[in-house]
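S.K.: dropping the sequence and predicted coords here.
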Amino acid sequence: MLTATQAGAQLLCGALFLLAAKWLWEAFFSPLRAFDGPALAKVTDIWRAVATARYNVDVTHRRLHQQYGSAVRIGPNCISISDPNLIRTIYATKNPWIKVIIFRRSSIMLEMLMGTERYVQTQRCTDQWPTSFKRLQCPRRRLAHEVHASNSRFLDNDQGP
Amino acid sequence: MEGHVRETIGWATVSADASVGWHWLTAVVAWDVTANISFGRHYGFIDQGKDVNNLIVDSTKGLYYFAPVSQIPWIDRLLDKNPFVRIGPKPTLTGVMYAFQVVAQYQAERAEGKNQAPVANSLDRYLRLKEEYPDIVNDAQVVNWLMLNVLAGGDTTSATMRAVVYYLSKNPKAYEKLMRELDSTKLSFPAQWKEIKDLPYLDAVMREALRINPGIAMIFERVVPEGGFTLPDGRYIPAGTKVGMNPAVTNRNLDVFGEDANEFNPDRWLPKEGEIPQAFDIRLRRMREVADFVFGGGGRVCMGRYLATLEIYKLFATLYSIFDVSLKITR
């Protein structure tokens, strides 16, 4: 019969085996194995949530880049980059790289604010709307238009109220 | 729009006196400017000298939650979105209720025949849009649009303003230089953009504060598109990987900003002694390109960027030309 000790030992062995397997996979097969970073980052994102909750994640990121170079693995599927030459590539205007969807089930308001893909899609669904309205309804575009128009106005020609 | 900014900043300046904590004053100006632009009225932080309806405290609590959770999004389902016990910030209900109330009141007034002439605030424009397209826009949509202004323009701008106060107080040399520049310039009250836009030291201080203390000091995450991405050093990142940069990292780049990149030094934005103009131009352009990333980049770049710039420059040109600002040691 299986005693509690034996069961515990087996569980522990199982867990160790899984960890070892994950470690081997990370070391030899992971497509991101070329990227160094904190050991925990290979396994979980939790560490960076904790680092962010301390309100000085900017300091952490600078330290990591000093330690590991211009590309740091900060999560199982996430790389932080520090080379300013890549800003234009990663944050391109043409064919922009999509934004990570953060709060999927949050209010559409938050999604508008963050410009998530779901929001962009709901905007696309409105193709049957009148063109004149479409030009106005998309708040992002509308606001951009408004800001840029008034920007040139108020930055160059601030006559006061 | 600039009229609203001037109005709020003028009001803040006359309301300011020695008893007002400047960290507080500068924080609320950003909120009341956005309120004025959005609703045509202030929240009342400046008038009442307090956090009306706890709007700012509640918003800050939201950030305390969203910042860590954004690093590991699925955990939101266990915390805020789990079906049993909600573990998360209070929804920003006060702000939303306030917006609904303002929208209802404005419409009632319009029905009575008031507010007929177009006014330059978002509320008026959105409500006109609603009247034009009643089957598409409803009150909830108008409130959503208005809340966007408020949520995006509050915390980030006020964080930047507080950084300006902080770094100027900690760096007497920079403060003296700025004061000399403002003293030698004739400014209206509140300062107008055309009077201050070419003040080199004001510009340098503001850029430096934004550089050293970006409003969002986190990684803006993007997904590597199909085909993957090869870094300049040859390493390959497969499609679907999240990548991103933190402006708080790029803004301290030694190659771009020099060996003293970790220090607050507005002079870096001005020609060095003996620097050839062409060399300075190249250096300046490079610094601007990189430092501008505090507003993000590409298609999703911050839309309130120029509004925030206008607010901040006007506020500090006005305040610092009138007041002498110094640290008070309270311990």
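M.R.: The structure has been received and is ready for your questions.
S.K.: list the contacts of B:Thr160.
M.R.: B:209-210, B:213, B:215, B:308, B:312 (CB atoms under 8 Å, 6 or more residues apart in numbering or on different chains). For the C-beta atoms, the positions are set from N, CA and C on the backbone; glycine is no exception.
S.K.: how about 10 Å then?
M.R.: Shown in contact with B:Thr160 (CB atoms under 10 Å, 6 or more residues apart in numbering or on different chains): B:26, B:30, B:206, B:209-210, B:213-215, B:294, B:308-309, B:311-312.
S.K.: do the same with A:Ala41
M.R.: A:32, A:35, A:47-48, A:64, A:72-76, A:78-80.
S.K.: list the buried residues for the longest helix that chain A contains?
M.R.: Secondary structure of chain A read by DSSP state H shows that its longest helix is helix A:4-28. Neighbour-count burial for helix A:4-28, counted by 16 or more other CB atoms under 10 Å in any protein chain shown, picks out A:Glu26.
S.K.: B:Glu181 is in contact with B:Glu195, correct?
M.R.: No. B:Glu195 lies out of contact with B:Glu181 (CB atoms under 10 Å); the separation is 11.8 Å.
S.K.: find residues that contact each of those two.
M.R.: Counting by CB under 10 Å, 6+ apart, the shared contacts of B:Glu195 and B:Glu181 are B:Ala317.
S.K.: between those two, which one's more packed in?
M.R.: Neighbours per residue (other CB atoms under 10 Å in any protein chain shown) separate B:Glu195 from B:Glu181, with B:Glu181 holding more: 20 against 15.
S.K.: okay, now B:Lys173: neighbour count?
M.R.: The burial count for B:Lys173: 10, using other CB under 10 Å.
S.K.: hang on, I meant A:Asp58
M.R.: Neighbours around A:Asp58, by other CB under 10 Å: 21.
S.K.: can you give me the helices for the stretch 101-250 of chain B?
M.R.: Along the stretch 101-250 of chain B, counting by DSSP state H, counting those that start in this stretch, helices occupy B:122-132, B:139-153, B:155-170, B:172-183, B:193-196, B:200-212, B:247-250.
S.K.: would you put the C-alpha positions of the second one in CSV?
M.R.: C-alpha atoms of helix B:139-153 as CSV (Å, rounded to 0.1, in the frame of the first residue of the first chain):
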residue,chain,number,x,y,z
ASP,B,139,-25.4,59.2,-24.3
ALA,B,140,-23.2,56.2,-23.3
GLN,B,141,-21.1,56.7,-26.4
VAL,B,142,-20.7,60.4,-25.7
VAL,B,143,-19.6,59.6,-22.1
ASN,B,144,-17.2,57.0,-23.4
TRP,B,145,-15.6,59.5,-25.7
LEU,B,146,-15.4,62.1,-23.0
MET,B,147,-13.9,59.7,-20.5
LEU,B,148,-11.2,58.9,-23.0
ASN,B,149,-9.9,62.5,-22.8
VAL,B,150,-10.1,62.5,-19.0
LEU,B,151,-8.4,59.1,-18.4
ALA,B,152,-5.6,59.7,-21.0
GLY,B,153,-4.9,63.3,-20.0
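S.K.: tell me which residues in it are buried?
M.R.: Neighbour counts over helix B:139-153 (16+ other CB under 10 Å) mark B:141-153 as buried.
S.K.: helix or strand right after the longest helix of chain A?
M.R.: Once the chain leaves helix A:4-28, the next helix or strand it forms, by DSSP states H and E, is helix A:46-53.
S.K.: from the buried residues of helix B:139-153, pick the one nearest B:Ile9.
M.R.: Comparing the buried residues of helix B:139-153 against B:Ile9 with CB to CB places B:Gly153 closest, at 14.2 Å.
S.K.: and the closest one, how far is that from B:Thr8?
M.R.: To B:Thr8, B:Gly153 is 12 Å away according to CB to CB, to the nearest Å.
S.K.: what touches both of those two?
M.R.: B:30-31, B:33-35, B:37, B:311.
S.K.: farthest pair in those residues?
M.R.: Maximum pairwise distance among the shared contacts of B:Gly153 and B:Thr8 (CB to CB): 12.4 Å, between B:Ala35 and B:Glu311.
S.K.: the more surrounded of those two?
M.R.: Between B:Ala35 and B:Glu311, counted using other CB under 10 Å, the more crowded position is B:Ala35 (30 against 26).
S.K.: give me the pLDDT value at the more buried one.
M.R.: On the pLDDT scale, B:Ala35 is placed at 88.
S.K.: does it really touch B:Arg41, like I thought?
M.R.: Yes. Using CB under 10 Å, B:Ala35 is in contact with B:Arg41, at 6.7 Å.
S.K.: okay, and the common contacts of those two?
M.R.: With CB under 10 Å, 6+ apart, B:Ala35 and B:Arg41 have common neighbours B:4, B:102, B:121.
S.K.: which stretches of chain A have low pLDDT?
M.R.: Scanning chain A for pLDDT under 70 picks out the ranges A:1-2, A:101-161.
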